[in-house]
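S.K.: Could you work out the structure for the sequence below:
(chains A, B and C)
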Amino acid sequence: MAEPLLNVCNLKKYFKTRDGILYAVDDVSFSLREGETLGLVGESGCGKSTTGRAILRLHEPTGGQVYFRGEDILRYNKTKIKGIRRDMQIVFQDPYSSLNPRMNVQQLIENSLSINGVRSAAQRLARVREIMEIVGLEQRLLGAYPHELDGGRRQRVGIARALILNPKFIVMDEPVSALDVCIQAQILNLLMDLQRRYGYAYLFISHNLSVVKHISDRIAVMYLGKIVETGDSRLLFAHPQHPYTKALLSSIPIPKVGVERKRVILTGDVPSPIDPPPGCRFRGRCPNAMPVCAQQEPALRQVGDTCVACHLYDNE
Amino acid sequence: MNDQLLKIQNLTVDYRSSNKTVHAVRGLDLNLRPGETLGLVGETGAGKTTTALSILRILPDVAARVLSGEILFDGKDLLTRSKKEMRQIRGRDIAMIFQDPMTSLDPVVTVGAQIEEMIMLHADLPRSGLRKAAEDMLEVVGIKRERFDDYPHQFSGGMKQRVVIAIALSCNPKLLIADEPTTALDVTIQAQVLDLMKQLKKTYRTAMILITHDLGVVADICDAVAIMYAGEIVEYGTLEDIFDGHRHPYTEGLFNSIPSIDVEQKTLEVIEGLTPDPTNLPSGCAFHPRCPYASAHCAEERPGETQLSDTHYVRCFQCAPSKEKELQHGRTVVERL
Amino acid sequence: MAKAQKAGVGHDAGKVKRPHARGGETWRRLRKNNIAFISLFILIALAVFALLADVIAPYPYSEQDPASFLQTPSAAHIFGTDQYGRDIFSRVLYGARISLSVGFIAVGVALVSGGLLGAIAGFYGGRVDNVIMRCMDILLSIPSVLLALAIVAAFGTSVINLMFATGISTVPSYARLVRSSILSIKDQEFVEAARAVGTSDAVIITKHILPNCLAPILVQATFGVATAILTVAGLSFVGLGLQPPIPEWGSMLSDARIYIRDYAYMMVPPAVAIALTVFCLNALGDGLRDALDPKLRD
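M.R.: Got it, this is the predicted structure:
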């Protein structure tokens, strides 16, 4: 197997808050090959967005390593990190707040070109036109301001802005969550098409499991800052092993009638990630909690088709 | 039929600003029997919320104009009621749940007091009985009565939505309008709230209009479904009619746009283009510019309701019974493409 | 095939548009707002009159004509003369110099210093923020007129001191305004997006954050000029402004007060000048707020 494009090892991001330390991302590891999509799913506050941002060093990670093409970019200094930015990009969730309202489409897209040293205005414009063509934006929109565009077109501008530097790896932070289903489908098709044509690697962050399953090759499920289960997307959906994954999958409302499903409805809410108790973080809501769960934190290891962090599988 | 709880006929609502007119709802018909749950499905700007607000008569006064139609609730037209009568109907007979539980509770009043207030407005209870009634309501929605004196910020999102439901149901309304009640919640919490709503539906026999864009939620909880597009209902039927036998091209596109959990798909079959500008709607059928089956006729005349069965109707020329074969043909062509 | 063609028919989302320079766009919108535009015109005219006072004014502002004091408006003195026989029209013109320059410079100083402090506090946060904002709170806790009086009383009544005295008490409000706008904008995703493509802090502040908080600041500043003119007028009115014979609208008003029963016409020119300037500034502020909002552009 070829060396992975991105290798994240024991990534940690803690925030100091008034009430204690918030363990947003705690010891997360995964890898990503060129042209591959890893879906990162979880509920709000589980640290999935923070993970994406910590990899890009938009939030400075507290610990761990991020190897991009074999080099640990967390050790890069400010000038060196600027060099790597063109290879690692991000598309944001909210197509309303992620575009500067005072810049038009052309300025928004070409901004990163001028920062990364393309001096000639004609060259920049040509590249902007080219990229607009690729993401399906009409050329007449060059001078339009974000508020004049609908959600789908705004998100296309966000995608164009990320693609214009020809990155290798793109963090997709809930790129379709704010869009209507029909527009969502259009954008999903666009993203998958772009990946086929240019071989981008995506870290696709979402809380929408159907969307994640559709676009991802592999999936990692996060709960309170930890990956609890990860594996091939088809296998994980077919045979979820972690009790949380099971509950999550059975909670998805399926648009079909007459489908009998065994539903696992979790009790209680997601606990606060501030100073979590020792042991397994899911045990408070887990239908299968055992005494050992309170004492020892389960490690992520291969069980059957997927990697799972749960004491239920200690004897396998 | 006379056993309708709610009967909306030819409702038309515009929003006017200085230079534009938004045609939000255009000739909407809707029936709801007591105890029935109707899912009102559509994309942003399809007119779902405007319909709900017109039923409660809480449309923004300045801009909105109800141009025509009647909303018969229990046989009487809500649109002709006085403001005072409407105030009594709201909350007592018709209650509404809004999308965002974070902002629909008053942050400086305890949740218990907010439920009490609702009961006090509409029920004839002595002051001493208020607290007990409100505590009971909390228990109904699965919150411990001890939390009566807590403030909204001490509750999580899912719990807040439960409180909102408790307030809405506290006067045992005949009709509950829920506007995207679970959209702001996480999936596992959404499952909890939907479960609760199903349970309450059974015990209280409250009729419900559930506004949502999530067909999965509809399948879970509704009896009937209305698909809205550009201010009108393009297809209406029972859950089975819509999910297993939908006929309108828009409904079809809507279903195709949702990535499936259990089937492998390479690409999604999408509806091309965008929802039309509500200030400048296309002629004829509003969907025709995006419709793969559209004919010249679709651009000229607005399709009326074609009754497919007792429970199922569709607004589409291509779905009229005589055109059945043509449609079948159209589908296979698209599949080959 | 047919599908693909129809996709383009979609709808209106963007009309064909050429990119405009931001300044041009704002100017175009401001011109559409009649009241704001007329106000701007009047203010410019006032400024020009003030600058050309030496040329336009028929008499020097301090020239006394004992022969013709307390005269009602006439061809020789279109606004009349005051108790020393000085031409009121000339004095109003020269007064505009003082009032406008004190107003604009006081606000300019307050805006720059307050804005800078607020920007630093907002962008870096933490302890820096705390120290700066607590100092601002202390400044804010002293009544502004009292502070101005104290400064003028302590340092004397020069034009510079007057500017300083009227400006300093508004520093905290600019600091607060800038800080809160920066706080609300710096966490927006487009700022993060700029960071993700490798934009430096300085460019982020100047290109992405400041333009987005410019509107409320500029509007506040125009209102601030009006307030400053009123404060200077007020100080002069109580005798702590500029010393005679330097003409200043407030002190002219103060002088005319004694003769209000018999020679009310004396009050009218400076009073109208103050009111007109303040009104125009406020209207301009309103107009700017609308013109600077990209969402209202059409």
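S.K.: and the helix ranked longest in chain B, how far out from the chain's middle?
M.R.: Secondary structure assigned by DSSP state H gives helix B:187-204 as the longest helix of chain B. Relative to its chain's centre, helix B:187-204 lies at 16 Å (Cα atoms, centre = their mean, to the nearest Å).
S.K.: Let me know the angle separating whatever helix or strand comes next after that helix from helix B:187-204.
M.R.: Per DSSP states H and E, the first helix or strand lying C-terminal to helix B:187-204 is strand B:207-212. Strand B:207-212 and helix B:187-204 are oriented at 160 degrees to each other (axes from the mean of the first three to the mean of the last three Cα atoms, to 10 degrees).
S.K.: In the stretch 201-337 of chain B, which residue sits closest to chain A?
M.R.: Proximity to chain A, evaluated over the stretch 201-337 of chain B using Cβ to the nearest Cβ, is greatest for B:Gly216 at 2.9 Å. For glycine as for every other residue, the C-beta is placed from the backbone atoms N, C-alpha and C.
S.K.: looking at this, that residue is in a strand?
M.R.: No - going by DSSP: H, G, I helix; E, B strand; the rest coil, the assignment for B:Gly216 is helix, not a strand.
S.K.: right, and it touches A:Ser251 too?
M.R.: No - assessed by Cβ atoms under 8 Å, B:Gly216 is found out of contact with A:Ser251, at 10.1 Å.
S.K.: Those two - which one has more neighbours?
M.R.: Per other Cβ atoms under 10 Å in any protein chain shown, whichever of B:Gly216 and A:Ser251 has more neighbours is A:Ser251, with 22 against 18.
S.K.: I figured the more buried one hits B:Thr188, correct?
M.R.: Yes - counting by Cβ under 8 Å, A:Ser251 touches B:Thr188, with 5.0 Å between them.
S.K.: The spatially most central residue of chain B bridge partners, please.
M.R.: Nearest to the mean C-alpha position of chain B, by Cα atoms, centre = their mean, lies B:Ile211 at 2.5 Å. Bridge pairing for B:Ile211 (DSSP bridges) gives the partners B:Leu40, B:Asp179.
S.K.: my guess is it meets B:Leu40, correct?
M.R.: Yes - when contacts are counted by Cβ under 8 Å, B:Ile211 is listed as touching B:Leu40 (4.7 Å).
S.K.: what residues does chain A put near chain C?
M.R.: Counting by Cβ under 8 Å from any Cβ of the partner chain, chain A comes close to chain C at A:53, A:56, A:58, A:81-82, A:85-86, A:89-90, A:92-94, A:97-102, A:104, A:106-107, A:111-112, A:115-116, A:138, A:140-145, A:147-150, A:153, A:158, A:161, A:165.
S.K.: Of those residues, which are in range of chain B?
M.R.: By Cβ under 8 Å from any Cβ, the members of the residues of chain A next to chain C lying near chain B are A:Asp150.
S.K.: Looking at the stretch 1-150 of chain A, which residue is nearest chain B?
M.R.: Using Cβ to the nearest Cβ, the single residue of the stretch 1-150 of chain A nearest to chain B is A:Glu43, 3.9 Å away.
S.K.: residue contacts, that residue?
M.R.: Neighbouring residues of A:Glu43 by Cβ atoms under 8 Å, 6 or more residues apart in numbering or on different chains: A:207, A:223, A:248, A:270, B:186-189.
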